[in-house]
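Visitor: what's the 3D shape of this:
(one chain, ligands or ions: 2)
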Amino acid sequence: MTSKKIAQVLLCRCSKNKNLFGITIEKRNDDNWDMMYSYPIDEERAKSEGFDMTSIVADVYSTASYGGCPFCKQTNFVRCGGCGQISCHTTGNTTNTCGWCGTHMTDIAYRGKMKLKTGED
Ligand SMILES: [Zn+2]
Ligand SMILES: [Zn+2]
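Guide: Ligands and ions are numbered 1, 2, ... in the order given. As a prediction, this is how the structure comes out:
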């Protein structure tokens, strides 16, 4: 085994102001990944960098050091059942609005591993 860190970036939108940001996640073991930090990404850069090049199946955890969404500080994310994209979210809230397609989600619950599109860190 190598000790090199495996990191990917999740492309996310703020559920409040719809702005784009990236979440860097690091692989811990098997399908478990930790959220490390986030940073705003502009729309043009997101298009050119291919943040959907890779697909992973992962359980992603918010760590104590993760500062949350760069815009509204929510420390987790939720995947929209409509468009499949992710938006910032607060664990325990059962509702949210997708920052991508505007779908109002009313039945949010933990459902295990998610298939996620990622880009290279
Ligand atoms: Zn947000
Ligand atoms: Zn959506």
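
Visitor: what does the chain have sitting close to ligand 1?
Guide: Residues of the chain lying close to ligand 1 by C-beta under 5 Å from the ion are Cys14, Cys69, Phe71, Cys72, Cys88. The way it works is simple: take the backbone N, C-alpha and C, and place the C-beta from them, glycine included.

Visitor: where's the second one relative to Thr75, distance?
Guide: Read it as Cys69. 8 Å (C-beta to C-beta, to the nearest Å).

Visitor: and the next helix or strand past the worst-scoring helix or strand of the chain on mean pLDDT?
Guide: Across the helices and strands of the chain, mean pLDDT, DSSP states H and E gives its lowest value to helix 43-49, namely a mean of 88. Next in sequence after helix 43-49, counting helices and strands by DSSP states H and E, comes strand 54-62.

Visitor: packing partners for that following strand?
Guide: Applying 3 or more C-beta pairs under 8 Å, 6 or more residues apart in numbering; DSSP states H and E, we find strand 54-62 packed against strand 7-13, strand 32-40, strand 114-120.

Visitor: so where's the chain shaky on pLDDT?
Guide: Within the chain, the stretches with pLDDT under 70 are 1-3.

Visitor: so which of the helices and strands packed on strand 54-62 comes closest to Ala58?
Guide: Among the helices and strands packed on strand 54-62, the nearest to Ala58 by C-beta to C-beta is strand 32-40 (4.8 Å).

Visitor: near ligand 2, which residues of this structure are found?
Guide: Residues of the chain lying close to ligand 2 (C-beta under 5 Å from the ion) are Cys80, Gly82, Cys83, Cys98, Trp100, Cys101, Thr103.

Visitor: between those, identify the one with the most neighbours.
Guide: Comparing the residues of the chain next to ligand 2 by number of neighbours (other C-beta atoms under 10 Å), Cys98 comes first, having 22 neighbours.
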